[in-house]
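Participant: Predicted model and sequence follow; I will ask about them next.
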Amino acid sequence: MTAFPDLGRFDALYPEVPGIVQHTLADHPMFGLDALAELAARLDPATVEYNRGDLPTGVDPDAIPGNGLSIADTIRGIEANGSWMVLKFVERDPAYGALLKATLDELLPVVTPRTGAMHQLEAFIFLSSPNSVTPLHFDPEHNILLQLLGRKTMTVFPQTDEEIAPGDAHERFYQGFAHRNLPWRDDYAPRGTPFALNPGDGMYVPVMAPHWVQNGPGVSISFSVTWRSDWTYAVADAHALNAMLRKTGLNPARPARYPEQNRAKALAWRAMRRVGVRP
């Protein structure tokens with residue numbers, strides 16, 4: 001089965017334009033609630049994150065309240081228990097790993113010539129109760145969120161907006177000093193572009209583009225397929241070099257977006273790392 005029947009749409013977006021592509025996984029039996037409860041039981045509990053879903057758009061990750069339920073009860077009662085859940089790294093399960101690889105292999109003719117080989121293929125399954133919110137955040141991977149059940153709206157902000165996600169916020173994230181969640185201000189709202197997602201829609205999100213998600217009136221299930229690329233590794237290394245330069249009192253330029261490759265900064269950082277330098 002072909003997951004992406006119209007590769008031309010993805011070709012028009014990748015890697016820097018957010019937008020919707022079509023997919024064929026909405027009715028796949030591996031994404032029913034019972035199948036997902038069985039998957040969660042096979043996963044390391046540390047890779048299952050869940051909490052209450054009635055969150056504001058911006059929230060301190062250390063202040064997110066739990067829902068008081070077990071993993072299995074959260075999944076099977078997701079329609080009524082007011083929760084948000086993510087099953088992380090589901091590619092570690094052989095069946096879901098095979099599905100992820102087959103899905104992403106279809107994108108190779110577009111991805112490889114532009115950003116290099118696909119690396120670190122990972123998948124995440126999101127389950128949300130009606131009206132749940134995923135707060136504003138960014139992600140370091142290329143990401144397509146495949147909507148399987150229910151409706152949601154993802155609002156995406158420009159990845160170059162220095163006020164919403166300044167360069168030093170990226171640097172702290174790549175050093176492991178900061179969470180991917182970002183603070184929210186109401187005056188940010190007009191800068192975002194909302195995308196309505198229904199089953200069969202997939203939302204491509206560029207690397208580190210800030211976004212938040214509002215679930216619709218029913219249960220939502222989404223399958224997020226992600227990968228790193230040669231280009232994203234160069235961006236991460238350039239941010240690491242900038243963090244070190246900033247400590248010396250300099251104000252380095254933010255790493256450039258695609259099609260620039262950030263090779264000089266990336267190579268410089270990799271050479272310094274080999275001799276033991278840390279940001």
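Facilitator: The structure has been received and is ready for your questions. Everything quoted here is computed from the prediction, not taken from an experiment. Numbering: from 1, shown residues only.
Participant: So Thr112 versus Leu25, what's the distance?
Facilitator: Note on Thr112: its distance to Leu25, by C-beta to C-beta, to the nearest Å, is 22 Å. The way it works is simple: take the backbone N, C-alpha and C, and place the C-beta from them, glycine included.
Participant: Please read the previous query as pertaining to Pro135.
Facilitator: Taking C-beta to C-beta, one finds Pro135 at 26 Å from Leu25.
Participant: Ok, Leu39 next?
Facilitator: Distance from Leu39 to Leu25, by C-beta to C-beta: 15 Å.
Participant: Can you get me a residue count around the closest residue in space to Glu79 that isn't next to it in sequence?
Facilitator: With sequence-adjacent residues excluded and distances taken as C-beta to C-beta, 6 or more residues apart in numbering, Glu79 is closest to Val219, at 5.0 Å. Val219: 17 surrounding residues under other C-beta atoms under 10 Å.
Participant: Isn't Val219 up against Leu127?
Facilitator: Yes. The criterion here is C-beta atoms under 8 Å, and Val219 meets it with Leu127 at 7.3 Å.
Participant: Quick check: neighbours shared by these two?
Facilitator: Ile78 (C-beta atoms under 8 Å, 6 or more residues apart in numbering).
Participant: If you count surrounding residues, which of Thr112 and Leu25 has more?
Facilitator: Leu25 (20 against 13).
Participant: Point to the helix or strand of the protein where mean pLDDT is at its lowest.
Facilitator: strand 48-52 (a mean of 74; mean pLDDT, DSSP states H and E).
Participant: Show me what Glu49 is bridged to.
Facilitator: Using DSSP bridges, the bridge partners assigned to Glu49 are Val86.
Participant: Any figure for the gap between it and Phe195?
Facilitator: 24 Å.
Participant: got it, and His170?
Facilitator: Relative to Phe195, and taking C-beta to C-beta, His170 is found at 23 Å.
Participant: Comparing the two, which residue is more hemmed in?
Facilitator: Taking neighbours as other C-beta under 10 Å, His170 and Phe195 compare with His170 leading, 23 against 20.
Participant: Once you drop chain neighbours, what's closest to the more buried one?
Facilitator: Excluding its sequence neighbours, the residue lying closest to His170 (C-beta to C-beta, 6+ apart) is His239, at 5.2 Å.
Participant: contact partners of the helix or strand hosting that neighbour?
Facilitator: Following DSSP states H and E, one finds His239 within helix 230-247. Contacts with helix 230-247, where a contact means C-beta under 8 Å, 6+ apart, come from 15, 114-117, 119, 140-142, 167-168, 170-172, 174-175, 207-208, 252, 254-255, 258, 261-263, 265-266, 268-270, 272-273, 277, 279.
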